[in-house]
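Student: here is a sequence with its predicted model. Questions after.
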Amino acid sequence: MMKNICVVTGGGSGMGLETAKIVGKNMKIILTGRTVAKLENAITELKELGIEAEAYPCDASDRASVDKLAAYAAGQGTVKVVIHAAGVSPHMTSAENIFAINAGGTIHVDEAFAAVMGAGSVILNVSSMSAYMMPADRAPKQLYSLALDSADAFLAGANQMLSSLPEAQRNGMAYTTSKNFVVWYTVQEALKYGRKGIRVVSISPGTFSTPMGDVEGEEAAGFAKRGALGRVGDPVEIARMMAFMVSDEASYLTGTDILYDGGAIAAFQDMMAKRAAQNA
């Protein structure tokens with residue numbers, strides 16, 4: 001029998017790695033990243049748990065690189081699960097790179113892997129609670145729709161939009177918009193591939209104690225602590241949800257996003273509503 005394969009982008013640490021530890025109990029794990037050396041510790045950790053795992057180089061923002069990864073993974077067995085956790089925050093790189101990696105990478109991964117996946121498989125895109133900070137009527141849906149025909153045209157339009165903003169606002173807007181796009185695009189992909197038997201879902205994490213969470217610093221931690229649960233999340237907590245979402249137990253779940261933030265957005269929206277009422 002062909003073994004089932006789970007591909008995890010950005011799985012060298014944090015929630016991607018923790019999810020691989022759960023999903024890897026039943027299938028082979030392929031961790032991907034731009035530098036395989038950075039994944040070696042994660043591979044060692046998985047193997048010590050008795051999980052079959054390997055690393056494979058891939059730059060999600062490069063479609064040719066993703067196509068090569070998808071072809072390789074399909075040659076190893078049946079690609080059952082893709083967890084696209086690779087992404088960057090506003091503090092890590094330029095606005096153009098943020099959009100290319102977070103939004104462009106999602107297009108590349110979803111399209112390349114849908115071509116090699118079959119019935120009973122699932123793609124999980126990782127968004128962010130930041131997606132919910134953009135009001136629905138402010139989301140540039142006309143820009144998003146370009147992605148359905150041409151990733152290049154979409155990214156060019158995004159860069160034009162970002163360049164029109166004051167420089168101090170570009171990175172934050174690139175992050176929020178790119179993550180809002182991931183939620184929107186997940187719905188489109190679910191509708192496109194549902195009759196093929198491929199589920200496409202997304203998850204929007206709040207603040208977790210991961211390397212990326214550490215980069216975000218006290219501002220993100222403070223936002224989490226003002227949430228309903230009043231604390232930062234543990235990577236294992238979201239890993240369990242992600243593992244459930246890609247499991248056969250969630251076989252009717254597709255075309256939707258799970259906001260997994262400890263009630264941070266609920267608290268934020270409540271605060272904004274109260275401020276609006278006071279100013280009315």
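Tutor: In hand now; what should we look at? Numbers count the residues shown, from 1 in each chain.
Student: so residue 54 lies in a helix, does it not?
Tutor: No - per DSSP: H, G, I helix; E, B strand; the rest coil, residue 54 lies outside any helix segment and is strand.
Student: surely it touches residue 31?
Tutor: Yes - if you go by CB atoms under 8 Å, residue 54 and residue 31 touch, sitting 7.4 Å apart. Just so you know, the C-beta spots here come from the backbone N, C-alpha and C atoms, and that holds for glycine as well.
Student: where do the contact lists of those two overlap?
Tutor: Residues touching both residue 54 and residue 31 by CB atoms under 8 Å, 6 or more residues apart in numbering: residue 43.
Student: neighbour-wise, which of these two wins?
Tutor: Legend: neighbour count by other CB atoms under 10 Å for residue 54 and residue 31, higher for residue 31 (28 against 16).
Student: pLDDT score for the more buried one?
Tutor: According to the prediction, residue 31 has pLDDT 97.
Student: give me the element it is part of.
Tutor: Using DSSP states H and E, residue 31 sits within strand 28-33.
Student: relative to strand 28-33, how tilted is the helix or strand that that strand is followed by?
Tutor: Counting by DSSP H and E, the next helix or strand C-terminal to strand 28-33 is helix 40-48. Put simply, helix 40-48 runs at 170 degrees to strand 28-33, going by axes from the mean of the first three to the mean of the last three CA atoms, to 10 degrees.
Student: which residues are in contact with helix 40-48?
Tutor: Contacts to helix 40-48, defined as CB under 8 Å, 6+ apart, come from residues 11-13, 17, 20-21, 24, 29, 31, 53-55.
Student: buried residues, that helix. List them.
Tutor: By neighbour count on 16 or more other CB atoms under 10 Å, the buried set for helix 40-48 is 42-43, 46.
Student: which of these lies closest to residue 4?
Tutor: Nearest to residue 4 out of these is residue 46 (CB to CB; 15.5 Å).
Student: quick one on the thing from earlier: which strands and helices sit next to the strand holding residue 31?
Tutor: Applying 3 or more CB pairs under 8 Å, 6 or more residues apart in numbering; DSSP states H and E, one finds that strand 28-33 contacts strand 4-9, helix 14-23, helix 40-48, strand 53-57, helix 63-76.
Student: ends of stretch 49-66, what's the gap?
Tutor: This stretch, stretch 49-66, spans 28 Å end to end (CA to CA, to the nearest Å).
Student: okay, buried residues for it please.
Tutor: Going by neighbour count (16+ other CB under 10 Å), the buried part of stretch 49-66 is 51, 53-56, 58-61, 63, 65-66.
Student: from the chain's centre, how far out does it sit?
Tutor: The chain centroid and the centroid of stretch 49-66 are separated by 15 Å, computed with CA atoms, centre = their mean, to the nearest Å.
Student: hmm, back to that, turn the buried residues of stretch 49-66 into JSON lines, including distance to residue 37 and pLDDT.
Tutor: Output for the buried residues of stretch 49-66, formatted as JSON lines (distance: CB to CB, whole Å; pLDDT from 0 to 100):
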{"residue": "51", "distance to residue 37": "20", "pLDDT": "98"}
{"residue": "53", "distance to residue 37": "15", "pLDDT": "97"}
{"residue": "54", "distance to residue 37": "14", "pLDDT": "97"}
{"residue": "55", "distance to residue 37": "9", "pLDDT": "96"}
{"residue": "56", "distance to residue 37": "13", "pLDDT": "96"}
{"residue": "58", "distance to residue 37": "14", "pLDDT": "95"}
{"residue": "59", "distance to residue 37": "15", "pLDDT": "95"}
{"residue": "60", "distance to residue 37": "18", "pLDDT": "96"}
{"residue": "61", "distance to residue 37": "19", "pLDDT": "95"}
{"residue": "63", "distance to residue 37": "24", "pLDDT": "97"}
{"residue": "65", "distance to residue 37": "17", "pLDDT": "97"}
{"residue": "66", "distance to residue 37": "20", "pLDDT": "98"}
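Student: show me which pair in these is furthest apart.
Tutor: Once CB to CB is applied, those give 51 and 63 as the farthest pair, at 29.1 Å.
Student: any regions of the protein where pLDDT drops low?
Tutor: Scanning the chain for pLDDT under 70 picks out the ranges 1, 210-217.
Student: all the strands of it, in order from the start?
Tutor: 4-9, 28-33, 53-57, 78-84, 121-126, 198-205, 257-260 (DSSP state E).
Student: what's the residue nearest to residue 63 when sequence neighbours are not counted in contact with, if anything?
Tutor: Excluding its sequence neighbours, the residue lying closest to residue 63 (CB to CB, 6 or more residues apart in numbering) is residue 108, at 4.7 Å. Neighbour list for residue 108: 60-63, 66, 151 [criterion: CB under 8 Å, 6+ apart].
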